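Trainee: Model the following, please.
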Amino acid sequence: MLENCKNALERWGGVHEVIDRWLLQRKALLESFMALKGACDVDLTEIDKARLDTFSERLLDYISAGHFTVYPQLGEEARAFGDQAALVLAGKLLERLEMSTELALAFDEDYSSPVRCQQNLARLPAWLDRLARGLTERFALEDQLIARLHAVNSPVA
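Mentor: Model prediction:
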């Protein structure tokens with residue numbers, strides 16, 4: 001997952017400042033995810049609420065930035081260029097993104113308080129596996145949106 005993030009940043013970095021910041025958020029999210037996953041593999045009982053909060057905050061910040069900043073900007077770009085095909089594609093992809101958004105919100109809820117965190121700690125490795133699959137799909141869908149925007153803005157050869 002982290003390698004794919006680097007590839008996305010290399011491919012689309014600089015296209016738009018908003019997208020650049022968002023891809024950097026993705027990288028920070030993945031680093032936090034990998035650290036949490038690594039901690040689970042070492043000793044699950046050593047994972048504290050603060051570590052879970054950091055990851056969950058990055059997860060929700062990343063998803064929020066997509067929904068409230070990046071996706072609308074991609075739609076504006078497509079409308080500005082009169083690209084109806086991109087708008088149709090964006091609508092389909094956004095529907096598919098909703099599943100991983102719901103997954104992230106459910107994760108945040110399961111680890112929202114110290115009591116809930118303690119109750120759900122044993123399920124954390126399974127949660128991270130589910131999130132890994134959801135985020136992998138999410139990043140691929142988001143990359144399709146970015147690629148479409150990039151294609152619209154690229155000069156015709």
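Trainee: Not counting sequence-adjacent ones, nearest residue to residue 137?
Mentor: Once flanking residues are discounted, residue 137 sits nearest to residue 100: 6.4 Å by C-beta to C-beta, 6 or more residues apart in numbering. The way it works is simple: take the backbone N, C-alpha and C, and place the C-beta from them, glycine included.
Trainee: Give me the distance between the one you found and residue 67.
Mentor: 11 Å (C-beta to C-beta, to the nearest Å).
Trainee: quick one: which of those two has more around it?
Mentor: residue 100 (22 against 14; other C-beta atoms under 10 Å).
Trainee: List the buried residues for stretch 104-111?
Mentor: Within stretch 104-111, the residues that qualify as buried by neighbour count (16 or more other C-beta atoms under 10 Å) are 104, 107-108, 110-111.
Trainee: Quick check, the residue nearest to residue 137 in contact with residue 139.
Mentor: No - in this structure residue 100 lies outside contact range of residue 139 using C-beta atoms under 8 Å: 9.2 Å.
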